[in-house]
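> Based on what follows, work out the 3D shape:
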Amino acid sequence: MPSAMIFSYLSLRQQRTRVKSKTSSWQYLNGSMPRGSLLGPLAFLVQIDDLAPGCLTHKYVDDTTMTEILTSVTSASHMQSFLCTLTDWTLENTMRINTSKTKELVIGPWGQHNATLLQTESGAVERVRDFKLLGVYVDSTLSWTKHVEYIAQ
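Residues are numbered from 1 along each chain as shown. This is a model prediction of the structure:
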């Protein structure tokens, strides 16, 4: 069964909360699954199974990391094209990219050059020197310093 059919069965769902003897009013769900449900992560992985922006892609629940390996400083990046493919896919699948949480990390010596920032319809993607990926701090020099400092706290 295609993922679009799975999620059409889950549309227009309602939920309410009950605590002790008090019950809230029914509310329509914005998405197809209530937050915190056991099937939510699995359903999401089924929905994004066909996501293939053209580069190495790592998917973990609702986090997707796209990777491009450049072999030299003079190699041309195709990441903007991959991002456009990803954006088109999200539109076709009635999803949105949360640009405020989207980051670009360039690893290696060419990360210090002033390359053009990646662009989405809602603006430029922030280029960072480090960020937390699945609980581990990764930085542009592949140093463990920031992660060790985080763990030591």
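
> ok, which stretches of the chain are strands?
14-15, 18-19, 22-23, 27-28, 56-60, 63-67, 103-105, 119-120, 123-124, 126-128, 130-133, 136-139 (DSSP state E).

> The fifth one to strand 63-67, inter-axis angle?
Relative orientation of strand 56-60 versus strand 63-67 (axes from the mean of the first three to the mean of the last three C-alpha atoms, to 10 degrees): 160 degrees.

> in its sheet, what does strand 56-60 sit against?
Sheet pairing for strand 56-60, assigned by DSSP bridges, gives strand 63-67 (antiparallel).

> Then the first one?
Within its sheet, strand 14-15 is paired with strand 27-28 (antiparallel), according to DSSP bridges.

> For the strand it pairs with, report the contacting residues that lie outside it.
For strand 27-28, the external contacting residues (C-beta atoms under 8 Å, 6 or more residues apart in numbering) are 12-16. In this view, the C-beta of every residue, glycine as well, is placed from N, C-alpha and C.

> same check, this time on stretch 81-92
Here stretch 81-92 has contacts from 51, 53-55, 64, 66, 68, 96-97, 118-121, 125, using C-beta under 8 Å, 6+ apart.

> can we see that at 7 Å?
Contacts to stretch 81-92, defined as C-beta atoms under 7 Å, 6 or more residues apart in numbering, come from residues 51, 53-55, 66, 68, 96-97, 118, 120-121.

> Could you do stretch 48-56 as well?
By C-beta under 7 Å, 6+ apart, stretch 48-56 touches 3, 57, 59, 64, 66-68, 82, 85-86, 89.

> got CSV for these, with distance to residue 145, neighbour count and pLDDT too?
Output for the contacts of stretch 48-56, formatted as CSV (distance: C-beta to C-beta, whole Å; neighbours: other C-beta atoms under 10 Å; pLDDT from 0 to 100):
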residue, distance to residue 145, neighbour count, pLDDT
3, 41, 16, 48
57, 28, 15, 91
59, 28, 13, 86
64, 27, 15, 87
66, 25, 17, 92
67, 22, 11, 92
68, 25, 14, 90
82, 30, 20, 95
85, 34, 17, 95
86, 31, 22, 93
89, 36, 16, 92
